[in-house]
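K.L.:
fold the following.
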Amino acid sequence: MSSTLPPLDADTPRKLLLAASTGGHIAQLVRLAPGLGATDDSLWISFDSPQTRSLLAGRRTLMVPYIRPRDWKSTAEAYRLIRKAVAQESFEAAVSTGAALALAALPAARLAGTPTLYIESVSRVQGPSLSGRILYGVRGAEMRSQHRSWATGRWGVHPSVLETFTTTQREVDSDRPLKIFVTLGTIEGYRFDSLVDAVLATGLAGPETTWQLGYTDRADDLPGRAVSQMDAEDFNRTAREADVVITHSGVGTILGMLEMGIYPVAVVRRSARKEHVDDHQEQIAALINESGIGSAVEADGLTADILRDAATHAIRIDSDGVPELADLGSGRS
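P.N.:
Sure, this is the predicted structure:
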């Protein structure tokens, strides 16, 4: 098979290998896949979670063991499993939106002679992630950024998954307490107590508040309903019924909110508080504020007024698909 990436667009159906870690990475790839021409017999590779089971329902999947940030041993194990998969069937191209899973999937596909494409997460506003830098350095794939501002050298430009969303107004009943949904994300091993404390400090949390806490085990001291994780049906229903949704500034959750017409309040995780491996969430927060499609703040900047204002906004999707994609076969690898 040729290692030259063919044109990938919605008008040319192709059997693809599509690999992304859970969270924002897989959410972006699902949204981008129709514009890449992904057919029903394409193979999706990710980690098993309620989110991936929901997003990939009805699709062909290969679930590999979870890879923690910078966990090279698990990356190597995923590589072994993916190498076995690509040895058993052919794909016209392999595409990944990161994170560590890209370092397993794209080299495995490339070694099998499959053309490869890496699309950096939209959350990387100022430059590429560690995975992106590694793949760029080893020339492991054709490289694409969703931000023209730093697409230089061998980085081409890919349309942003956020381009189709705009903000509109909605009415909210001011005579009753706000129904609040707080979702902290489910990244393993990272708590987000500062967000929980910030929500409590607003004085708006109460019996109608729902908390999805992930690894922040605070259920016993919170008002309302508190769980560690929800299945997709419960999560989506709770989000749609809420007056305001407060989330960590993770692109996957934010993208999910936008697609449900929800104007999110996003709070940044900080590495100094051991809430994430780095501070990349500040980049997506800045992008959300610049685009006006949500309200993004630091934990100590969350106020009752911000939540009340967010409840008066909603999101409109201006098209029923992703932006038109350029001929990706002409890019640089």
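K.L.:
what about the strands in the stretch 101-250 of the chain?
P.N.:
Secondary structure of the stretch 101-250 of the chain (DSSP state E, counting those that start in this stretch): strands located at 116-119, 142-145, 155-157, 165-169, 180-183, 210-212, 225-227, 244-248.
K.L.:
turn those into a markdown table, including mean pLDDT and distance to residue 194.
P.N.:
C-beta: built from backbone N, CA, C; applies to glycine. Shown next, in a markdown table, are those (pLDDT from 0 to 100; distance: least, C-beta to C-beta, whole Å):
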| stretch | mean pLDDT | distance to residue 194 |
| --- | --- | --- |
| strand 116-119 | 97 | 31 |
| strand 142-145 | 97 | 30 |
| strand 155-157 | 95 | 34 |
| strand 165-169 | 94 | 27 |
| strand 180-183 | 98 | 12 |
| strand 210-212 | 97 | 14 |
| strand 225-227 | 95 | 17 |
| strand 244-248 | 97 | 10 |
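K.L.:
okay, those in TSV with distance to residue 199 and mean neighbour count next?
P.N.:
TSV is the format used below for the strands of the stretch 101-250 of the chain (distance: least, C-beta to C-beta, whole Å; neighbours: other C-beta atoms under 10 Å):
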stretch	distance to residue 199	mean neighbour count
strand 116-119	33	27
strand 142-145	34	24
strand 155-157	38	19
strand 165-169	22	14
strand 180-183	6	26
strand 210-212	8	23
strand 225-227	12	16
strand 244-248	6	26
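K.L.:
would you list those in JSON lines and tack on distance to residue 110?
P.N.:
Shown next, in JSON lines, are the strands of the stretch 101-250 of the chain (distance: least, C-beta to C-beta, whole Å):
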{"stretch": "strand 116-119", "distance to residue 110": "5"}
{"stretch": "strand 142-145", "distance to residue 110": "10"}
{"stretch": "strand 155-157", "distance to residue 110": "17"}
{"stretch": "strand 165-169", "distance to residue 110": "34"}
{"stretch": "strand 180-183", "distance to residue 110": "36"}
{"stretch": "strand 210-212", "distance to residue 110": "37"}
{"stretch": "strand 225-227", "distance to residue 110": "41"}
{"stretch": "strand 244-248", "distance to residue 110": "33"}
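K.L.:
and residue 314, that one's in a helix?
P.N.:
No - going by DSSP: H, G, I helix; E, B strand; the rest coil, the assignment for residue 314 is strand, not a helix.
K.L.:
report the contact partners of the nearest residue to residue 181 once chain neighbours are set aside.
P.N.:
Spatial nearest neighbour of residue 181, chain neighbours left out: residue 242 (3.9 Å); criterion: C-beta to C-beta, 6 or more residues apart in numbering. By C-beta atoms under 8 Å, 6 or more residues apart in numbering, the contact set of residue 242 is 179, 180, 181, 210, 262.
K.L.:
phi and psi next, for residue 242.
P.N.:
Per-residue torsions, residue 242: phi -80, psi 150 (degrees, to the nearest 10).
K.L.:
that one and residue 313: what is the separation?
P.N.:
According to C-beta to C-beta, to the nearest Å, residue 242 and residue 313 sit 13 Å apart.
K.L.:
returning to what we had before: and the residue nearest to residue 181, what's its pLDDT?
P.N.:
In this model, residue 242 is scored at 97, pLDDT.
K.L.:
returning to that earlier point: which members of the contacts of residue 242 are the farthest-apart pair?
P.N.:
The distance between the two most remote of the contacts of residue 242 (C-beta to C-beta) is 13.8 Å, for 210 and 262.
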